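Novice: Fold the following and give me the result.
(2 chains)
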Amino acid sequence: MTRTLSAPVTVAFDYTRSTGPVLGRFLTGLRDGRVVGARTSDGRVVVPPPEFDPVSHEAVTEFVEVAPTGTVTSWTWVPEPVPGQPFDRPFAFALVTLDGADTPFLHALDLASPDQVSTGMRVRVRWAEERVGAITDIACWEALDAVVEVRGEARLATTDPVTGVITPVSLDYLYAASPEESAFYRGLNEGRIVGQRCPACQKVYVPPRSACPSDGTPTAEEVEVAQTGTITTFCVVNVPFLGQKITPPYVSAYVLLDGADIAVLHLILGVPADEVRMGMRVKAVWKPEEEWTYSLENIDHFEPTGEPDADYDTYRQHL
Amino acid sequence: MRDVAVVGFAQRQMPVFDGSPTCVELLVPLFAECYEQTGWTRRDIGFWCSGSSDYLAGRSFSFVSAVDAIGVIPPVNESHVEMDLAWALYEAWLKIQTGEVDTALVYAFGKASAGVLRRTLALQLEPYTMTPLWPDTISLAGLQARAGIDAGVWDERAMAEVANRSLTDAEKNEYAIRKGGSSVEELLSRPMYADPLRKHDCSPVTDGAAAIVLAAGDRAREVRDRPAWIGGLAHHIDPISVGTRDLTRAPSAARSAAALDLDGVEVAELHAPFSHQELVLRRELGLADDVRVNPSGGALTSNPMFSAGGIRIGEAAARIWSGEASKAVAHATSGPALQQNLLCVLGATTEGAPN
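Specialist: Next up is the predicted model:
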């Protein structure tokens, strides 16, 4: 058995950005099948255009269209492409100085083997089939002697300028729980709720953490806590939101399990929402054992035990 | 200016950390080592500053959980940078200069193995014209290596010499995860990986954490007979676009070196995650031929994200403490192809310290 539990996690979101006048001009050009650079105060034509002049720091205003052909100034082979790159098979990344430009520009170069690539080779832009006003409107660089495939004509710059880009980002992780958290989830898979006691301040943390947050001492001693507890505070959820699993209204509450010093957040059922109160005694209601996994969701919800409410003094330190 | 010294240093480096990306359990023993070295408790620390990244951890506010390793009753004076430990150290050094605190513990952590590191780092690139192509770290370094080879500034042999020396020196470093030199010929006979880079030209994916203790004046003298006094810190940045930079150079490293006094430096710990980058830095720092470079083995043999730059400062300081060197320079980098560069000069005396 490995020390920790782990599971794949994907973090994904779309970054939406406004482009401003300079990058908007560049991306509008790409959408229309043109490569637009800017002239900087030192007389160079820079592609993609910088928003501000690197020497004078003035806003860049002079735009220059350059040729879709150019020369490789540096390259590297990509033997193991990662998701999101222009190709999912080996290719080259190359810096290419387009004819009419003075600085190189990074993009992928579509060739089958590093033997076919060399510094100084002539290449041209291969446009994407569909262009939206993004850097990926350039599909890649291709060797200038490649067979020309006739593609759709470049659209004229008569449509609205590009003012924004959306960049989807998706990152994959193998997310591991700490050893202490792993013990907690393994416990849940056995129908137990496991915490750890700080040897210095004697506080019991549920779920356990690697160190006591009040004094930094490693929490070593494992303790099983009760499946009954006290509602310390709660909220009635009336607002629907994306991904909500239960129809409102419902009660989300902090439950201070007997023997623990940190409350856990869980769902309260088996009682009308307007009857839930601080100090109410509740117990864990588990899903059927065959549905258990390494998750706090093994506990379906908490419901009232029917005992009298706990004295305020028993949980006042835990609010 | 106040005299500030590095007086404590602890580190861990490994290929895979079998724990959560908060690294709390990894940090607890590091802090314990720092307390042991200084004789202090956590209450003697005036300021805490950490370096880490949510992108690396795959969770938001990843540094907040790590604070568990400190313990925050009574509350602590704490900050965080989404940068390498070396930049956290810079913030702490400034904090001490304000006079508000006399001591600081800076730390950094990262579990690079949780995701695909060379891909994750594309998120630090220019977001309109670079990130959507997902140029990976190794590709960007490959473009830089090729630029130098084509320009005749270095060659594959010079790169292999750096790798061989690093792998040989790493044999003495218990934390290095890749070690064992052979010969330049043997390294050059190995297959190309990301042409023009071979695997040994690229730092290995590394998990880890490190912590450094800073103290001012007499607080430093209480802790060590021979504190590693910070003679100066400087950091500069080059444009993020790799197209507008001469990739064979790192002007920001040269600018930082010019702001400091590097005369008489005996040891240089350079944060060069790719073999050719050490050659760039040597030149930009103007290091003499007899300067001992990366006696720890350097980042080429283990490169824990967000700690590796700071570890260079810790390794350099340890050589001052031991008497092995009287003056050293440590370097940290961030961003694509040596875009950002920080230098820290360390000496056995406060002479030459900024005033």
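Novice: any chance you could map the strands in the stretch 101-250 of chain A?
Specialist: A:105-109, A:122-127, A:138-143, A:164-176, A:194-197, A:204-205, A:221-224, A:228-237, A:250-257 (DSSP state E, counting those that start in this stretch).
Novice: Out of those strands, flag the one nearest chain B.
Specialist: Of all these, it is strand A:164-176 that lies closest to chain B, at 3.8 Å by CB to the nearest CB. Where C-beta positions appear, they are placed from N, C-alpha and C, glycine not excepted.
Novice: list the helices and strands the host helix or strand of residue B:313 packs on?
Specialist: Using DSSP states H and E, residue B:313 sits in helix B:308-321. Counting contacts by 3 or more CB pairs under 8 Å, 6 or more residues apart in numbering or on different chains; DSSP states H and E, helix B:308-321 is packed against strand B:4-14, helix B:85-97, strand B:205-216, strand B:228-237, strand B:267-269, strand B:327-334, strand B:340-347.
Novice: Include mean pLDDT when you put the ones you listed into TSV, please.
Specialist: Formatted as TSV, these follow (pLDDT from 0 to 100):
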stretch	mean pLDDT
strand B:4-14	98
helix B:85-97	98
strand B:205-216	98
strand B:228-237	98
strand B:267-269	98
strand B:327-334	98
strand B:340-347	98
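Novice: can I get these in CSV with distance to chain A?
Specialist: Shown next, in CSV, are the helices and strands packed on helix B:308-321 (distance: least, CB to the nearest CB, whole Å):
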stretch, distance to chain A
strand B:4-14, 13
helix B:85-97, 18
strand B:205-216, 11
strand B:228-237, 12
strand B:267-269, 27
strand B:327-334, 19
strand B:340-347, 16
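Novice: quick one: which of those is nearest residue B:31?
Specialist: Taking CB to CB, strand B:205-216 is the member of those nearest to residue B:31, at 6.2 Å.
Novice: Adjacent strands (with direction) for the closest one?
Specialist: Applying DSSP bridges, strand B:205-216 is found paired with strand B:4-14 (antiparallel), strand B:103-111 (antiparallel), strand B:303-304 (parallel).
Novice: hang on, the earlier thing: any chance of the helices and strands packed on helix B:308-321 in JSON lines, with mean neighbour count and distance to residue B:20 too?
Specialist: Formatted as JSON lines, the helices and strands packed on helix B:308-321 follow (neighbours: other CB atoms under 10 Å in any protein chain shown; distance: least, CB to CB, whole Å):
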{"stretch": "strand B:4-14", "mean neighbour count": "24", "distance to residue B:20": "15"}
{"stretch": "helix B:85-97", "mean neighbour count": "24", "distance to residue B:20": "20"}
{"stretch": "strand B:205-216", "mean neighbour count": "28", "distance to residue B:20": "11"}
{"stretch": "strand B:228-237", "mean neighbour count": "22", "distance to residue B:20": "31"}
{"stretch": "strand B:267-269", "mean neighbour count": "26", "distance to residue B:20": "30"}
{"stretch": "strand B:327-334", "mean neighbour count": "27", "distance to residue B:20": "24"}
{"stretch": "strand B:340-347", "mean neighbour count": "27", "distance to residue B:20": "28"}
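Novice: closest one to residue B:169 among the strands of the stretch 101-250 of chain A?
Specialist: Taking the strands of the stretch 101-250 of chain A one by one with CB to CB, strand A:164-176 is closest: 31.7 Å.
Novice: low pLDDT regions in the chain?
Specialist: Just so you know, I chose chain A. A:1, A:146-158 (pLDDT under 70).
Novice: wait, chain B
Specialist: Using pLDDT under 70, chain B drops low at B:352-355.
Novice: cutoff 50 now
Specialist: B:355 (pLDDT under 50).
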